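In: what follows is a protein structure lacking sequence information:
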C-alpha cells in the first residue's frame, strides 16, 4: 500500500511543509523569518503572525513540488511539541482543520524525536539501535534509539543548550543574530588552540554549558579592558577556541556513551549539527573509533517538515493516529 503524508512544522520561526511518499521525501519547503534579526532573538508574537501569513503558500508550494494534490494524501502530520506555543498553535490548527476537511488521519509528532529520525531520510541509514547526539538552540541530548517508536534520553544538558552557548557567545562578541553560524564561519580561519576555555566535569552522560558561557564572558571582559580592540583583532581565534571547546564537550560525552552502551552506529541531529566543526569532529572520531557515522543533509538539520514527515510515516505504519482533540504543548515528555 502506498502512503503519502503532508507534514507541517511550525515550532519556532520557520514555517515548513513537506510531502513524503513511502518514506521518501518528495518536497521540503521552508520559509524563514527575518523579522527577528533586529531584536537579537525570536519574538514569539511576531513568529506566530508570520506563520499565519506563510502556512498556506508554504503548503501549496510543497504539494506542487511533490506533484501531489490534497486528494492524494493519506494523512496529515504536524509538530505537536515542544516549541513556542503560539507558533505550534498555527501549525496544529491548520493540520487539524485539513485532516477534518479531508477526512484523513491526523498524526502528531514530537519535534525532538523527529530530529533524531531525520537520519532515516536518506541512504545510508543507521542500524538499530543507534545513538544520536541531538543539538539545537534549546536542547542538547544523547538519545538511544532502538526503533522509530522506541527512543530514550540517556544524557542531556542540566542547564543551557550547546546552541545557546554558541548564540550567547556570538552576542558577547558583538555578532548579529543568529550568531552560531557566524562563529562557525570565523572559526574556519582561526587557531582553536590559542585560547583555553574550561571543560565542565559533569558526572554521567549529562552536559552543562552555563559555566562555559560565564568563563567566556569574564575572558572577554578582562581582555577588552586591557585592549578595547581585542575582539576585532582576534575574532577568528576567539571563535575557533570557543567552537573547539563546545565541540570537545559534546564529543567527549558521545564517546563515553558509545563505550558504555557498546553502540557504534552514531548520528547527530538538530540545528547545531549543521556546524562544520561538529560534522568534521564526528567524522574524524568515527574513523578513529571505527564508528559508523551518519549526518543528515543540511536541509534536514535545522527545523524542517521533512523530519516531521519521516517520523509520521513510521507512526502511520505502526497505526499511530491522533485524535482531533489533541492540543499542542510548549513542553513534551519522551
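Out: Okay, I see it. This is a predicted model, so every value here is computed, not measured.

In: every contact and neighbour count from this point should use C-alpha atoms.
Out: OK.

In: what's across from residue 30 in the sheet?
Out: Note on residue 30: beta-bridge partners by DSSP bridges are residue 16.

In: quick one: pLDDT of it?
Out: For residue 30, the model assigns a pLDDT of 95.

In: ok, it - how many residues close by?
Out: Neighbour count of residue 30, defined by other CA atoms under 10 Å: 25.

In: same check, this time on residue 197
Out: Residue neighbour count, defined by other CA under 10 Å, stands at 18 for residue 197.

In: and residue 248, by the same measure?
Out: Neighbour tally, residue 248, other CA under 10 Å: 14.

In: that one: what secondary structure?
Out: At residue 248, secondary structure determined by DSSP: H, G, I helix; E, B strand; the rest coil is helix.

In: ok, now how distant is it from residue 216?
Out: 16 Å (CA to CA, to the nearest Å).

In: quick one: the helix or strand encompassing residue 244 to chain centroid distance?
Out: Residue 244 belongs to helix 230-261 when assigned by DSSP states H and E. Between the centre of helix 230-261 and the centre of its chain there are 18 Å (CA atoms, centre = their mean, to the nearest Å).

In: what's the following helix or strand after it?
Out: Counting by DSSP H and E, the element after helix 230-261 in chain order, helix or strand, is strand 265-269.

In: the helix holding residue 244 to strand 265-269, inter-axis angle?
Out: Helix 230-261 runs at 140 degrees relative to strand 265-269, counting by axes from the mean of the first three to the mean of the last three CA atoms, to 10 degrees.

In: just the buried positions in helix 230-261, please.
Out: Residues of helix 230-261 classed as buried: 230-231, 235-247, 249-251, 253-255, 257-258 (neighbour count, 16 or more other CA atoms under 10 Å).

In: same check, this time on stretch 207-220
Out: For stretch 207-220, the neighbour count (16+ other CA under 10 Å) marks 207, 208, 209, 210, 211, 212, 213, 216, 220 as buried.

In: so can I have a markdown table of these showing pLDDT?
Out: Shown next, in a markdown table, are the buried residues of stretch 207-220 (pLDDT from 0 to 100):
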| residue | pLDDT |
| --- | --- |
| 207 | 97 |
| 208 | 96 |
| 209 | 96 |
| 210 | 95 |
| 211 | 95 |
| 212 | 97 |
| 213 | 96 |
| 216 | 98 |
| 220 | 98 |
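
In: JSON lines for these, including secondary structure and distance to residue 282?
Out: Below are those laid out as JSON lines (DSSP: H, G, I helix; E, B strand; the rest coil; distance: CA to CA, whole Å):
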{"residue": "207", "secondary structure": "strand", "distance to residue 282": "17"}
{"residue": "208", "secondary structure": "coil", "distance to residue 282": "20"}
{"residue": "209", "secondary structure": "coil", "distance to residue 282": "20"}
{"residue": "210", "secondary structure": "helix", "distance to residue 282": "23"}
{"residue": "211", "secondary structure": "helix", "distance to residue 282": "24"}
{"residue": "212", "secondary structure": "helix", "distance to residue 282": "21"}
{"residue": "213", "secondary structure": "helix", "distance to residue 282": "23"}
{"residue": "216", "secondary structure": "helix", "distance to residue 282": "24"}
{"residue": "220", "secondary structure": "helix", "distance to residue 282": "29"}
